[in-house]
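Visitor: could you look at this predicted model? Sequence included:
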Amino acid sequence: MESNRQRKVAQIIQEDFAELFRKQASESKQSILVSVSDVKVTPDLGIAKIYLSIFPQEFRSAVMKEIEENKAQYRNFIGQKMGKQVRIIPQINFYLDTALDDVEKLEKELRGEGDNPVL
């Protein structure tokens, strides 16, 4: 069960990264949407797991690779944003959130458009 402090820190991180990725998308020449679907923070506030949804799908691996390569800059960014609110800036780990893809695949199967035979 998450504490209030964990939820507040997670919400701050989610809002700040959502704004950062929105700005990066508007400055980019490509039309790539990166949204922060969820943030989980450990009880000691030492690690933040950030779940990202990236659309269109063909850019996912390239975008995730770029984000992983720039992880230090992202941690610095979040440190500047929330440095006065927490003692320790959490280590950040990015994960690809494929929940929407799973829902789309399931709906496709239920409509009979997938590999599953219609009964």
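Guide: Perfect, thanks for sending it. Numbering: from 1, shown residues only.
Visitor: use CA for all of it now, contacts and neighbours both
Guide: OK.
Visitor: show me what counts as buried in the helix or strand A10 falls within.
Guide: Using DSSP states H and E, A10 sits within helix 4-27. Within helix 4-27, the residues that count as buried by 16 or more other C-alpha atoms under 10 Å are 6, 9-14, 16-18, 20-22.
Visitor: which element follows it toward the C-terminus?
Guide: Toward the C-terminal end, the helix or strand that comes next after helix 4-27 (DSSP H and E) is strand 33-41.
Visitor: pLDDT averaged over the helix or strand just after that following strand - what is it?
Guide: Toward the C-terminal end, the helix or strand that comes next after strand 33-41 (DSSP H and E) is strand 47-55. In this model, strand 47-55 carries a mean pLDDT of 93.
Visitor: in its sheet, what does strand 47-55 sit against?
Guide: The sheet places strand 47-55 alongside strand 33-41 (antiparallel), strand 91-96 (parallel), with pairing taken from DSSP bridges.
Visitor: could you list the residues in contact with it?
Guide: Defining contact as C-alpha atoms under 8 Å, 6 or more residues apart in numbering, one finds that strand 47-55 is touched by 10, 14, 32-42, 60, 63, 90-98.
Visitor: and these, which are buried?
Guide: A residue is treated as buried here by neighbour count (16+ other C-alpha under 10 Å); on that basis the buried members of the contacts of strand 47-55 are 10, 14, 32-41, 60, 90, 92-95, 97.
Visitor: quick check: the residue nearest to G114 when sequence neighbours are not counted vs E58, distance?
Guide: Excluding its sequence neighbours, the residue lying closest to G114 (C-alpha to C-alpha, 6 or more residues apart in numbering) is K108, at 5.8 Å. Plainly put, K108 is 19 Å away from E58 if you go by C-alpha to C-alpha, to the nearest Å.
Visitor: neighbour count winner among these two?
Guide: Neighbours around K108 and E58, counted as other C-alpha atoms under 10 Å, are more numerous at K108. The numbers are 14 against 10.
Visitor: so the more buried one, which state does it fall into?
Guide: Put simply, K108 is helix when judged by DSSP: H, G, I helix; E, B strand; the rest coil.
Visitor: who does the residue nearest the centre of the chain bridge with?
Guide: Against the mean C-alpha coordinate of the chain, by C-alpha atoms, centre = their mean, the closest residue is L52 at 2.4 Å. L52 has the following beta-bridge partners by DSSP bridges: V36, L96.
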